[in-house]
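Chemist: structure, please.
(one chain, ligands or ions: 3)
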Amino acid sequence: MNTTAPERLRSSPLLTDLYQLTMAHGYWKTGAHNKDAVFHLFFRHNPFKGGYTVAAGLADAVAWLRELHFNSDEIAYLATLKGNDGAPLFSSGFLEYLRGFEFTCDVDAIPEGTVVFPNEPLLRVRGPIIQGQLVETALLNTINFQTLVATKAARICHITRDEPVLEFGLRRAQGVDGALAASRAAYIGGCASTSNVLAGQLFGIPVSGTHAHSWVMSFDSEPEAFQAYAEAMPNNCVFLVDTYDSLEGVRRAVESGKWLRARGHKMAGIRLDSGDLAYLSIEARKILDEAGFADTAIFASNDLDEHIISSLKQQGARIAFWGVGTKLVTAYDQPALGGVYKLAALRNGDGAWDHKIKLSEQTIKITNPGIQQVRRFTLDGEYVGDMIYNEDGPPIDDANRTIYDAVNFIRFKPIPPNATTEDLLVPVFRNGKLVLEMPTLEEIRARRRAQLAALHEGSKRLLNPHEYPVGLERSLLDMKTALIMKARG
Ligand SMILES: Nc1ncnc2c1ncn2[C@@H]1O[C@H](COP(=O)(O)OP(=O)(O)OP(=O)(O)O)[C@@H](O)[C@H]1O
Ligand SMILES: O=P(O)(O)OC[C@H]1O[C@H](OP(=O)(O)OP(=O)(O)O)[C@H](O)[C@@H]1O
Ligand SMILES: O=C(O)c1cccnc1
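Modeler: Ligands and ions are numbered 1, 2, ... in the order given. Prediction:
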(Lines give C-alpha, C1' and ligand atoms only; values in the text may rest on other atoms or scores of the structure.)
(Ligands and ions follow the chains in the order given, each with its own letter.)
Protein backbone atom coordinates (compact mmCIF):
# COMPACT_ATOMS: atom_id res chain seq x y z
CA MET A 1 0.00 0.00 0.00
CA ASN A 2 1.27 3.46 -0.86
CA THR A 3 1.86 5.90 1.92
CA THR A 4 0.21 9.16 1.04
CA ALA A 5 1.36 12.60 2.07
CA PRO A 6 -0.63 13.82 5.08
CA GLU A 7 -1.87 16.86 3.16
CA ARG A 8 -3.42 14.53 0.58
CA LEU A 9 -5.23 12.65 3.34
CA ARG A 10 -7.13 15.83 4.08
CA SER A 11 -7.68 16.90 0.47
CA SER A 12 -8.29 13.57 -1.22
CA PRO A 13 -11.45 13.18 -3.33
CA LEU A 14 -11.73 9.74 -1.70
CA LEU A 15 -12.67 11.50 1.54
CA THR A 16 -16.24 10.56 0.70
CA ASP A 17 -18.81 7.83 1.19
CA LEU A 18 -18.69 5.10 -1.41
CA TYR A 19 -22.29 5.76 -2.36
CA GLN A 20 -21.37 9.20 -3.71
CA LEU A 21 -19.13 7.41 -6.22
CA THR A 22 -21.70 4.74 -7.07
CA MET A 23 -24.28 7.48 -7.72
CA ALA A 24 -21.70 9.43 -9.73
CA HIS A 25 -21.12 6.29 -11.80
CA GLY A 26 -24.86 6.03 -12.29
CA TYR A 27 -25.21 9.65 -13.41
CA TRP A 28 -22.30 9.22 -15.79
CA LYS A 29 -23.68 5.97 -17.22
CA THR A 30 -27.14 7.38 -17.82
CA GLY A 31 -25.68 10.51 -19.36
CA ALA A 32 -27.39 12.71 -16.74
CA HIS A 33 -24.16 13.73 -15.05
CA ASN A 34 -23.99 17.25 -16.48
CA LYS A 35 -27.57 18.20 -15.59
CA ASP A 36 -27.52 21.43 -13.62
CA ALA A 37 -28.51 20.90 -9.99
CA VAL A 38 -28.70 22.87 -6.75
CA PHE A 39 -27.88 21.42 -3.33
CA HIS A 40 -28.10 23.07 0.09
CA LEU A 41 -26.28 22.25 3.30
CA PHE A 42 -28.30 23.01 6.44
CA PHE A 43 -29.12 21.68 9.89
CA ARG A 44 -32.51 21.19 11.51
CA HIS A 45 -31.91 22.03 15.19
CA ASN A 46 -29.56 24.33 17.07
CA PRO A 47 -27.14 22.16 19.03
CA PHE A 48 -27.07 21.91 22.85
CA LYS A 49 -30.78 22.91 23.05
CA GLY A 50 -29.49 26.40 22.32
CA GLY A 51 -30.99 29.37 20.56
CA TYR A 52 -28.31 29.90 17.91
CA THR A 53 -25.41 28.33 16.03
CA VAL A 54 -22.07 29.78 14.88
CA ALA A 55 -21.06 28.81 11.33
CA ALA A 56 -17.51 27.47 10.99
CA GLY A 57 -15.47 25.13 8.82
CA LEU A 58 -15.89 26.87 5.47
CA ALA A 59 -12.15 27.47 5.08
CA ASP A 60 -11.46 23.73 5.23
CA ALA A 61 -14.32 23.01 2.85
CA VAL A 62 -12.90 25.57 0.41
CA ALA A 63 -9.40 24.11 0.72
CA TRP A 64 -10.80 20.66 -0.10
CA LEU A 65 -12.83 21.92 -3.08
CA ARG A 66 -9.82 23.77 -4.50
CA GLU A 67 -7.84 20.55 -4.58
CA LEU A 68 -10.63 18.48 -6.05
CA HIS A 69 -9.16 16.16 -8.67
CA PHE A 70 -8.40 12.43 -8.89
CA ASN A 71 -4.71 11.53 -9.12
CA SER A 72 -3.42 8.29 -10.62
CA ASP A 73 -3.06 6.54 -7.21
CA GLU A 74 -6.66 7.34 -6.42
CA ILE A 75 -7.90 6.12 -9.81
CA ALA A 76 -5.80 2.97 -9.41
CA TYR A 77 -7.35 2.34 -6.01
CA LEU A 78 -10.89 2.78 -7.35
CA ALA A 79 -10.03 0.33 -10.14
CA THR A 80 -9.35 -2.36 -7.51
CA LEU A 81 -12.88 -2.17 -6.05
CA LYS A 82 -15.13 -5.08 -6.97
CA GLY A 83 -18.89 -5.59 -7.07
CA ASN A 84 -20.64 -8.61 -5.54
CA ASP A 85 -20.03 -10.62 -8.72
CA GLY A 86 -16.28 -10.08 -8.46
CA ALA A 87 -16.25 -7.77 -11.51
CA PRO A 88 -14.86 -4.20 -11.20
CA LEU A 89 -17.26 -1.86 -9.41
CA PHE A 90 -16.49 1.03 -11.73
CA SER A 91 -16.17 0.89 -15.51
CA SER A 92 -12.92 1.98 -17.11
CA GLY A 93 -14.81 4.70 -18.99
CA PHE A 94 -16.00 6.19 -15.69
CA LEU A 95 -12.50 6.01 -14.23
CA GLU A 96 -11.23 7.89 -17.29
CA TYR A 97 -13.94 10.46 -16.71
CA LEU A 98 -12.75 10.86 -13.09
CA ARG A 99 -9.14 11.21 -14.30
CA GLY A 100 -10.18 14.32 -16.22
CA PHE A 101 -12.59 15.54 -13.52
CA GLU A 102 -12.56 19.29 -12.84
CA PHE A 103 -14.70 21.13 -10.32
CA THR A 104 -16.79 23.74 -12.18
CA CYS A 105 -19.62 24.51 -9.77
CA ASP A 106 -20.79 27.80 -8.29
CA VAL A 107 -20.68 27.75 -4.50
CA ASP A 108 -22.27 30.33 -2.23
CA ALA A 109 -21.90 30.19 1.52
CA ILE A 110 -22.56 32.02 4.76
CA PRO A 111 -19.20 33.29 6.06
CA GLU A 112 -17.63 31.68 9.09
CA GLY A 113 -18.42 33.45 12.35
CA THR A 114 -22.00 34.20 11.26
CA VAL A 115 -24.81 33.35 13.63
CA VAL A 116 -27.10 30.91 11.81
CA PHE A 117 -30.33 29.08 12.52
CA PRO A 118 -32.13 25.85 11.61
CA ASN A 119 -33.14 25.31 7.96
CA GLU A 120 -30.94 28.11 6.63
CA PRO A 121 -28.59 27.01 3.85
CA LEU A 122 -25.06 27.46 5.19
CA LEU A 123 -23.78 26.55 1.77
CA ARG A 124 -25.27 26.15 -1.69
CA VAL A 125 -23.71 24.24 -4.57
CA ARG A 126 -24.95 24.79 -8.11
CA GLY A 127 -23.56 22.95 -11.12
CA PRO A 128 -23.42 19.52 -12.76
CA ILE A 129 -25.29 17.06 -10.54
CA ILE A 130 -22.39 14.61 -10.50
CA GLN A 131 -20.15 17.27 -8.97
CA GLY A 132 -22.70 18.51 -6.48
CA GLN A 133 -23.19 14.91 -5.36
CA LEU A 134 -19.51 14.05 -5.10
CA VAL A 135 -18.75 16.92 -2.70
CA GLU A 136 -21.53 16.21 -0.20
CA THR A 137 -19.68 14.15 2.37
CA ALA A 138 -16.52 16.22 2.64
CA LEU A 139 -18.55 19.42 2.97
CA LEU A 140 -20.66 17.93 5.75
CA ASN A 141 -17.61 16.51 7.48
CA THR A 142 -15.82 19.85 7.71
CA ILE A 143 -18.76 22.15 8.35
CA ASN A 144 -20.75 19.98 10.78
CA PHE A 145 -17.95 19.49 13.26
CA GLN A 146 -16.44 22.96 13.28
CA THR A 147 -19.86 24.60 13.45
CA LEU A 148 -20.69 22.40 16.44
CA VAL A 149 -17.49 23.23 18.34
CA ALA A 150 -17.58 26.94 17.46
CA THR A 151 -21.11 27.03 18.87
CA LYS A 152 -20.05 25.22 22.05
CA ALA A 153 -17.17 27.68 22.50
CA ALA A 154 -19.50 30.65 21.93
CA ARG A 155 -21.90 29.34 24.58
CA ILE A 156 -19.08 28.90 27.10
CA CYS A 157 -17.57 32.31 26.32
CA HIS A 158 -20.96 33.95 26.57
CA ILE A 159 -21.21 32.71 30.15
CA THR A 160 -17.68 33.75 31.17
CA ARG A 161 -18.31 37.16 29.54
CA ASP A 162 -14.98 38.98 29.46
CA GLU A 163 -13.02 36.28 31.27
CA PRO A 164 -10.77 34.38 28.87
CA VAL A 165 -11.47 30.73 28.09
CA LEU A 166 -8.34 28.66 27.46
CA GLU A 167 -8.94 25.62 25.28
CA PHE A 168 -7.19 22.59 26.85
CA GLY A 169 -8.75 19.80 24.77
CA LEU A 170 -5.99 18.16 22.71
CA ARG A 171 -5.54 15.13 24.97
CA ARG A 172 -9.24 14.25 24.93
CA ALA A 173 -10.10 15.29 21.36
CA GLN A 174 -11.33 12.90 18.67
CA GLY A 175 -7.98 12.12 17.10
CA VAL A 176 -5.44 14.40 15.50
CA ASP A 177 -7.64 16.01 12.87
CA GLY A 178 -10.51 16.37 15.34
CA ALA A 179 -8.17 18.16 17.75
CA LEU A 180 -6.86 20.59 15.15
CA ALA A 181 -10.31 21.35 13.76
CA ALA A 182 -11.66 21.76 17.30
CA SER A 183 -8.90 24.19 18.29
CA ARG A 184 -9.61 26.28 15.21
CA ALA A 185 -13.37 26.23 15.77
CA ALA A 186 -13.02 26.96 19.49
CA TYR A 187 -10.96 30.03 18.65
CA ILE A 188 -13.60 31.17 16.16
CA GLY A 189 -16.22 30.67 18.87
CA GLY A 190 -14.38 32.95 21.26
CA CYS A 191 -11.68 31.02 23.14
CA ALA A 192 -8.67 33.18 23.89
CA SER A 193 -6.01 30.54 23.32
CA THR A 194 -5.26 26.86 22.87
CA SER A 195 -2.85 24.52 24.62
CA ASN A 196 -2.38 22.78 21.24
CA VAL A 197 0.96 24.01 19.99
CA LEU A 198 0.49 22.56 16.51
CA ALA A 199 -2.77 24.50 16.16
CA GLY A 200 -0.79 27.54 17.23
CA GLN A 201 1.75 27.01 14.49
CA LEU A 202 -0.73 26.07 11.77
CA PHE A 203 -3.46 28.63 12.43
CA GLY A 204 -1.70 31.37 14.37
CA ILE A 205 -3.91 30.82 17.44
CA PRO A 206 -2.29 32.17 20.65
CA VAL A 207 -0.99 29.30 22.80
CA SER A 208 -0.98 29.25 26.59
CA GLY A 209 -0.48 26.83 29.44
CA THR A 210 0.37 26.24 33.09
CA HIS A 211 1.96 23.05 34.45
CA ALA A 212 0.70 19.60 35.48
CA HIS A 213 0.54 17.65 38.75
CA SER A 214 3.48 15.54 37.55
CA TRP A 215 5.76 18.56 37.93
CA VAL A 216 4.83 18.93 41.59
CA MET A 217 4.98 15.18 42.18
CA SER A 218 8.46 14.95 40.73
CA PHE A 219 9.84 16.98 43.68
CA ASP A 220 10.12 16.02 47.34
CA SER A 221 7.83 18.86 48.32
CA GLU A 222 5.41 21.34 46.77
CA PRO A 223 7.45 24.46 47.78
CA GLU A 224 10.47 23.00 46.04
CA ALA A 225 8.40 22.31 42.93
CA PHE A 226 7.01 25.87 42.80
CA GLN A 227 10.42 27.39 43.43
CA ALA A 228 12.05 25.32 40.68
CA TYR A 229 9.28 26.28 38.28
CA ALA A 230 9.63 29.96 39.18
CA GLU A 231 13.34 29.76 38.45
CA ALA A 232 12.84 27.87 35.18
CA MET A 233 9.84 29.80 33.84
CA PRO A 234 9.80 33.18 35.58
CA ASN A 235 7.82 34.76 32.75
CA ASN A 236 5.06 32.12 32.58
CA CYS A 237 4.26 31.25 36.17
CA VAL A 238 0.82 29.83 36.90
CA PHE A 239 1.17 27.39 39.79
CA LEU A 240 -1.12 24.37 39.96
CA VAL A 241 -1.98 24.34 43.65
CA ASP A 242 -4.21 21.30 44.18
CA THR A 243 -1.77 18.38 44.16
CA TYR A 244 -2.00 17.99 47.96
CA ASP A 245 -4.18 20.67 49.55
CA SER A 246 -5.41 23.53 47.41
CA LEU A 247 -5.41 26.36 49.95
CA GLU A 248 -2.12 25.26 51.45
CA GLY A 249 -0.88 25.18 47.86
CA VAL A 250 -1.93 28.81 47.40
CA ARG A 251 0.07 29.83 50.49
CA ARG A 252 3.10 28.02 49.13
CA ALA A 253 2.66 29.66 45.74
CA VAL A 254 2.70 33.05 47.50
CA GLU A 255 6.21 32.29 48.77
CA SER A 256 7.46 31.68 45.23
CA GLY A 257 5.47 34.72 44.13
CA LYS A 258 7.48 36.85 46.53
CA TRP A 259 10.68 35.40 45.10
CA LEU A 260 9.50 36.24 41.56
CA ARG A 261 8.47 39.74 42.52
CA ALA A 262 11.84 40.46 44.14
CA ARG A 263 13.42 39.72 40.76
CA GLY A 264 11.07 41.89 38.74
CA HIS A 265 8.80 39.05 37.62
CA LYS A 266 5.15 38.37 38.25
CA MET A 267 3.23 35.44 39.66
CA ALA A 268 0.70 35.38 36.83
CA GLY A 269 -1.67 32.96 38.46
CA ILE A 270 -2.59 29.90 40.43
CA ARG A 271 -4.69 27.06 38.98
CA LEU A 272 -7.36 25.06 40.80
CA ASP A 273 -8.15 21.69 39.19
CA SER A 274 -10.32 19.84 41.71
CA GLY A 275 -12.66 20.24 44.64
CA ASP A 276 -15.29 22.92 45.13
CA LEU A 277 -14.08 25.54 42.68
CA ALA A 278 -16.42 28.23 44.03
CA TYR A 279 -15.37 27.89 47.64
CA LEU A 280 -11.69 27.34 46.84
CA SER A 281 -11.47 30.28 44.46
CA ILE A 282 -13.10 32.62 47.01
CA GLU A 283 -10.70 31.48 49.71
CA ALA A 284 -7.70 31.54 47.37
CA ARG A 285 -8.59 35.08 46.35
CA LYS A 286 -8.55 36.16 50.01
CA ILE A 287 -5.16 34.54 50.61
CA LEU A 288 -3.67 36.15 47.50
CA ASP A 289 -5.14 39.59 48.22
CA GLU A 290 -4.05 39.55 51.84
CA ALA A 291 -0.53 38.61 50.76
CA GLY A 292 -0.43 41.55 48.35
CA PHE A 293 -0.99 39.49 45.19
CA ALA A 294 -4.17 41.14 43.95
CA ASP A 295 -2.80 40.98 40.41
CA THR A 296 -2.33 37.20 40.52
CA ALA A 297 -5.21 35.61 38.63
CA ILE A 298 -7.09 32.46 39.57
CA PHE A 299 -7.34 29.86 36.83
CA ALA A 300 -9.72 26.93 37.11
CA SER A 301 -10.16 23.69 35.20
CA ASN A 302 -11.80 20.30 35.77
CA ASP A 303 -14.50 19.09 33.41
CA LEU A 304 -15.95 22.55 32.97
CA ASP A 305 -18.71 23.46 30.57
CA GLU A 306 -21.12 26.39 30.21
CA HIS A 307 -23.53 25.01 32.82
CA ILE A 308 -20.91 24.43 35.53
CA ILE A 309 -19.33 27.81 34.80
CA SER A 310 -22.74 29.47 35.06
CA SER A 311 -23.33 27.79 38.41
CA LEU A 312 -19.84 28.73 39.66
CA LYS A 313 -20.48 32.34 38.77
CA GLN A 314 -23.80 32.30 40.59
CA GLN A 315 -21.92 30.99 43.63
CA GLY A 316 -19.61 33.99 43.48
CA ALA A 317 -16.53 32.11 42.28
CA ARG A 318 -13.49 34.37 41.87
CA ILE A 319 -12.12 32.74 38.73
CA ALA A 320 -10.51 34.93 36.07
CA PHE A 321 -9.34 32.32 33.52
CA TRP A 322 -11.30 29.23 32.58
CA GLY A 323 -9.46 26.14 31.26
CA VAL A 324 -11.89 24.03 29.27
CA GLY A 325 -10.97 20.83 27.45
CA THR A 326 -12.99 17.64 27.10
CA LYS A 327 -16.49 19.04 27.11
CA LEU A 328 -15.62 21.71 24.55
CA VAL A 329 -13.59 19.86 21.94
CA THR A 330 -15.73 16.72 22.00
CA ALA A 331 -18.98 18.74 22.15
CA TYR A 332 -19.66 16.33 24.99
CA ASP A 333 -23.42 16.74 25.41
CA GLN A 334 -24.15 16.68 21.68
CA PRO A 335 -21.41 15.03 19.67
CA ALA A 336 -22.82 15.79 16.19
CA LEU A 337 -24.59 18.72 14.61
CA GLY A 338 -26.76 16.69 12.24
CA GLY A 339 -26.26 18.96 9.25
CA VAL A 340 -27.60 17.53 5.96
CA TYR A 341 -27.11 18.23 2.26
CA LYS A 342 -30.16 18.04 0.03
CA LEU A 343 -31.02 18.43 -3.63
CA ALA A 344 -33.39 21.37 -4.16
CA ALA A 345 -33.58 21.97 -7.92
CA LEU A 346 -32.73 20.35 -11.22
CA ARG A 347 -32.72 22.09 -14.59
CA ASN A 348 -35.13 20.52 -17.07
CA GLY A 349 -34.78 20.13 -20.85
CA ASP A 350 -36.34 23.58 -21.41
CA GLY A 351 -33.65 25.24 -19.36
CA ALA A 352 -36.00 26.07 -16.45
CA TRP A 353 -35.55 24.83 -12.88
CA ASP A 354 -37.63 21.94 -11.61
CA HIS A 355 -37.83 22.49 -7.87
CA LYS A 356 -37.59 19.40 -5.69
CA ILE A 357 -38.69 18.49 -2.20
CA LYS A 358 -38.15 15.41 -0.10
CA LEU A 359 -41.33 14.32 1.66
CA SER A 360 -41.19 12.69 5.04
CA GLU A 361 -43.52 11.43 7.73
CA GLN A 362 -41.82 13.95 9.98
CA THR A 363 -42.79 17.47 8.91
CA ILE A 364 -39.41 18.82 10.05
CA LYS A 365 -37.72 16.53 7.52
CA ILE A 366 -39.65 17.86 4.51
CA THR A 367 -37.02 19.89 2.67
CA ASN A 368 -37.41 23.41 1.38
CA PRO A 369 -37.24 23.85 -2.40
CA GLY A 370 -35.81 26.74 -4.39
CA ILE A 371 -32.43 28.26 -5.02
CA GLN A 372 -32.15 29.56 -1.55
CA GLN A 373 -30.71 32.75 -0.15
CA VAL A 374 -31.08 34.02 3.42
CA ARG A 375 -32.07 37.62 4.02
CA ARG A 376 -31.44 38.91 7.54
CA PHE A 377 -33.41 41.86 8.89
CA THR A 378 -31.92 44.21 11.47
CA LEU A 379 -33.67 46.90 13.46
CA ASP A 380 -31.82 49.30 15.78
CA GLY A 381 -28.74 47.09 15.67
CA GLU A 382 -30.62 43.92 16.60
CA TYR A 383 -31.50 40.98 14.35
CA VAL A 384 -35.27 40.63 14.09
CA GLY A 385 -35.71 37.73 11.69
CA ASP A 386 -34.32 35.78 8.75
CA MET A 387 -36.16 35.11 5.50
CA ILE A 388 -35.29 32.16 3.29
CA TYR A 389 -36.19 33.11 -0.27
CA ASN A 390 -35.86 31.65 -3.74
CA GLU A 391 -33.45 33.50 -6.02
CA ASP A 392 -35.30 31.90 -8.93
CA GLY A 393 -38.65 33.23 -7.70
CA PRO A 394 -40.51 36.50 -8.24
CA PRO A 395 -38.87 39.61 -6.74
CA ILE A 396 -39.50 39.92 -3.01
CA ASP A 397 -42.40 42.16 -2.22
CA ASP A 398 -40.68 44.72 -0.01
CA ALA A 399 -44.01 46.04 1.20
CA ASN A 400 -44.85 42.62 2.61
CA ARG A 401 -41.89 41.15 4.38
CA THR A 402 -43.81 38.54 6.35
CA ILE A 403 -41.88 35.33 7.02
CA TYR A 404 -43.68 32.00 7.37
CA ASP A 405 -42.53 29.12 9.56
CA ALA A 406 -41.29 26.33 7.27
CA VAL A 407 -42.87 23.59 9.36
CA ASN A 408 -45.98 25.19 10.76
CA PHE A 409 -47.37 27.56 8.12
CA ILE A 410 -49.84 29.21 10.44
CA ARG A 411 -46.95 30.68 12.40
CA PHE A 412 -45.72 33.81 10.69
CA LYS A 413 -44.07 37.09 11.56
CA PRO A 414 -44.30 40.44 9.81
CA ILE A 415 -40.92 42.17 9.59
CA PRO A 416 -41.02 45.94 10.29
CA PRO A 417 -40.72 47.88 7.01
CA ASN A 418 -37.84 50.01 8.31
CA ALA A 419 -35.62 47.00 9.08
CA THR A 420 -32.36 46.95 7.10
CA THR A 421 -31.43 43.84 5.12
CA GLU A 422 -28.36 41.76 4.40
CA ASP A 423 -28.18 38.65 2.23
CA LEU A 424 -26.04 36.12 4.07
CA LEU A 425 -24.82 33.76 1.34
CA VAL A 426 -21.89 35.22 -0.58
CA PRO A 427 -20.21 33.90 -3.73
CA VAL A 428 -17.31 31.56 -2.90
CA PHE A 429 -16.69 29.73 -6.21
CA ARG A 430 -17.76 30.71 -9.68
CA ASN A 431 -17.38 28.06 -12.33
CA GLY A 432 -15.02 26.17 -10.00
CA LYS A 433 -12.74 29.16 -9.36
CA LEU A 434 -12.38 30.66 -5.91
CA VAL A 435 -13.74 34.21 -5.98
CA LEU A 436 -13.98 34.94 -2.26
CA GLU A 437 -11.05 36.54 -0.53
CA MET A 438 -10.85 34.24 2.47
CA PRO A 439 -11.02 36.11 5.78
CA THR A 440 -8.34 35.68 8.43
CA LEU A 441 -9.16 33.92 11.69
CA GLU A 442 -9.11 37.31 13.43
CA GLU A 443 -11.65 38.66 10.95
CA ILE A 444 -13.82 35.59 11.50
CA ARG A 445 -13.64 36.13 15.26
CA ALA A 446 -14.57 39.77 14.84
CA ARG A 447 -17.56 38.73 12.75
CA ARG A 448 -18.70 36.25 15.41
CA ARG A 449 -18.36 38.94 18.07
CA ALA A 450 -20.41 41.47 16.10
CA GLN A 451 -23.01 38.89 15.14
CA LEU A 452 -23.56 37.70 18.69
CA ALA A 453 -23.76 41.28 19.90
CA ALA A 454 -26.69 41.85 17.51
CA LEU A 455 -28.54 38.76 18.73
CA HIS A 456 -31.10 39.31 21.47
CA GLU A 457 -29.99 38.10 24.93
CA GLY A 458 -33.05 35.85 25.06
CA SER A 459 -31.68 33.74 22.21
CA LYS A 460 -28.38 33.33 24.03
CA ARG A 461 -29.58 32.10 27.42
CA LEU A 462 -28.82 28.49 28.27
CA LEU A 463 -32.25 27.47 29.51
CA ASN A 464 -35.23 27.55 27.13
CA PRO A 465 -33.80 30.18 24.82
CA HIS A 466 -36.05 32.36 22.72
CA GLU A 467 -36.62 30.86 19.27
CA TYR A 468 -35.21 33.31 16.73
CA PRO A 469 -37.70 33.84 13.86
CA VAL A 470 -36.68 32.17 10.61
CA GLY A 471 -39.24 31.70 7.88
CA LEU A 472 -39.96 31.29 4.22
CA GLU A 473 -40.78 34.14 1.90
CA ARG A 474 -44.41 33.97 0.73
CA SER A 475 -43.88 32.75 -2.85
CA LEU A 476 -41.41 30.09 -1.65
CA LEU A 477 -43.96 28.93 0.90
CA ASP A 478 -46.59 28.72 -1.86
CA MET A 479 -44.21 26.74 -4.05
CA LYS A 480 -43.40 24.35 -1.21
CA THR A 481 -47.09 23.82 -0.49
CA ALA A 482 -47.83 23.15 -4.18
CA LEU A 483 -44.95 20.65 -4.39
CA ILE A 484 -46.19 18.82 -1.29
CA MET A 485 -49.73 18.66 -2.72
CA LYS A 486 -48.44 17.40 -6.04
CA ALA A 487 -46.20 14.75 -4.45
CA ARG A 488 -49.07 13.54 -2.28
CA GLY A 489 -51.30 13.28 -5.32
N1 LIG B 1 -18.94 24.72 43.33
C2 LIG B 1 -19.20 23.92 42.32
N3 LIG B 1 -20.43 23.92 41.78
C4 LIG B 1 -20.74 23.12 40.76
N5 LIG B 1 -19.87 22.29 40.18
C6 LIG B 1 -18.61 22.26 40.65
C7 LIG B 1 -18.22 23.06 41.74
N8 LIG B 1 -16.92 22.82 41.97
C9 LIG B 1 -16.51 21.89 41.09
N10 LIG B 1 -17.52 21.55 40.28
C11 LIG B 1 -17.52 20.57 39.17
O12 LIG B 1 -17.91 19.34 39.70
C13 LIG B 1 -17.34 18.27 38.95
C14 LIG B 1 -16.72 17.24 39.86
O15 LIG B 1 -15.90 17.84 40.81
P16 LIG B 1 -15.51 17.05 42.14
O17 LIG B 1 -14.90 18.01 43.08
O18 LIG B 1 -16.63 16.23 42.63
O19 LIG B 1 -14.50 15.98 41.70
P20 LIG B 1 -13.03 16.20 41.30
O21 LIG B 1 -12.54 17.43 41.94
O22 LIG B 1 -12.97 16.09 39.82
O23 LIG B 1 -12.34 15.01 41.95
P24 LIG B 1 -10.92 14.52 41.55
O25 LIG B 1 -10.13 14.71 42.80
O26 LIG B 1 -11.15 13.10 41.17
O27 LIG B 1 -10.42 15.36 40.41
C28 LIG B 1 -16.36 18.94 37.99
O29 LIG B 1 -16.96 19.00 36.73
C30 LIG B 1 -16.18 20.31 38.55
O31 LIG B 1 -15.89 21.27 37.54
O1 LIG C 1 -11.01 18.78 32.44
P2 LIG C 1 -10.89 19.27 31.04
O3 LIG C 1 -11.94 20.28 30.71
O4 LIG C 1 -10.81 18.17 30.04
O5 LIG C 1 -9.52 20.14 30.96
C6 LIG C 1 -8.28 19.58 30.77
C7 LIG C 1 -7.85 18.72 31.94
O8 LIG C 1 -6.67 18.11 31.54
C9 LIG C 1 -5.80 18.09 32.65
O10 LIG C 1 -6.14 17.05 33.49
P11 LIG C 1 -5.45 15.61 33.44
O12 LIG C 1 -5.22 15.13 32.06
O13 LIG C 1 -4.25 15.68 34.30
O14 LIG C 1 -6.54 14.71 34.10
P15 LIG C 1 -7.37 14.87 35.44
O16 LIG C 1 -7.39 16.31 35.86
O17 LIG C 1 -8.73 14.38 35.04
O18 LIG C 1 -6.72 13.99 36.45
C19 LIG C 1 -6.11 19.40 33.35
O20 LIG C 1 -5.66 19.39 34.66
C21 LIG C 1 -7.59 19.54 33.20
O22 LIG C 1 -8.26 19.00 34.31
O1 LIG D 1 -1.75 24.24 30.49
C2 LIG D 1 -2.56 23.62 31.20
O3 LIG D 1 -2.82 23.96 32.35
C4 LIG D 1 -3.28 22.44 30.63
C5 LIG D 1 -3.07 22.01 29.36
C6 LIG D 1 -3.74 20.91 28.88
C7 LIG D 1 -4.61 20.27 29.66
N8 LIG D 1 -4.83 20.69 30.92
C9 LIG D 1 -4.17 21.76 31.40
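Chemist: near ligand 2 at all, stretch 176-194?
Modeler: No. Stretch 176-194 lies apart from ligand 2 when judged by CB under 6 Å from any ligand atom; the minimum separation is 11.7 Å. C-beta here means a position set from N, CA and C on the backbone, and glycine is covered the same way.
Chemist: for that stretch, buried residues please.
Modeler: The neighbour-count check on stretch 176-194 (16 or more other CB atoms under 10 Å) flags 178-194 as buried.
Chemist: for the residue lying closest to residue 253 once chain neighbours are set aside, give its distance to residue 229.
Modeler: Once flanking residues are discounted, residue 253 sits nearest to residue 239: 4.1 Å by CB to CB, 6 or more residues apart in numbering. Noted for residue 239: a distance of 7 Å to residue 229, by CB to CB, to the nearest Å.
Chemist: again with residue 166
Modeler: Residue 166 is 18 Å from residue 229, by CB to CB.
Chemist: SS state for the closest residue to residue 294 other than its chain neighbours?
Modeler: Nearest residue to residue 294, sequence neighbours excluded (CB to CB, 6+ apart): residue 288, at 6.9 Å. Counting by DSSP: H, G, I helix; E, B strand; the rest coil, the backbone at residue 288 sits in helix.
Chemist: please shift the residue numbers so they start at 882 in all later answers.
Modeler: In the new count, where the first residue is 882, that last one comes out as residue 1169.
Chemist: may I see the buried residues of the strand or helix carrying residue 944?
Modeler: In this assignment (DSSP states H and E), residue 944 forms part of helix 939-947. Buried positions in helix 939-947, judged by neighbour count with 16+ other CB under 10 Å: 939-943, 945-946.
Chemist: looking at the protein, what residue ends up closest to ligand 3?
Modeler: Here the residue of the chain nearest ligand 3 is residue 1090; by CB to the nearest ligand atom that distance is 3.0 Å.
Chemist: next up, the contacts around that residue.
Modeler: Neighbour list for residue 1090: 1047, 1076, 1117 [criterion: CB atoms under 8 Å, 6 or more residues apart in numbering].
Chemist: now list the buried members of those.
Modeler: Judged by 16+ other CB under 10 Å, buried ones among the contacts of residue 1090: 1047, 1076.
Chemist: and which of the contacts of residue 1090 is nearest to ligand 1?
Modeler: Nearest to ligand 1 out of the contacts of residue 1090 is residue 1047 (CB to the nearest ligand atom; 14.6 Å).
Chemist: please name the residues that touch that closest one.
Modeler: Taking CB under 8 Å, 6+ apart, one finds 1072-1076, 1089-1090, 1180, 1202-1205 in contact with residue 1047.
Chemist: on the three-state scheme, the residue of the stretch 982-1131 of the chain found nearest ligand 1 is what?
Modeler: With CB to the nearest ligand atom, the shortest gap between the stretch 982-1131 of the chain and ligand 1 falls at residue 1123, namely 8.0 Å. Classification of residue 1123 using three-state DSSP returns coil.
Chemist: now the one 5 residues further on
Modeler: Classification of residue 1128 into helix, strand or coil gives helix, according to three-state DSSP.
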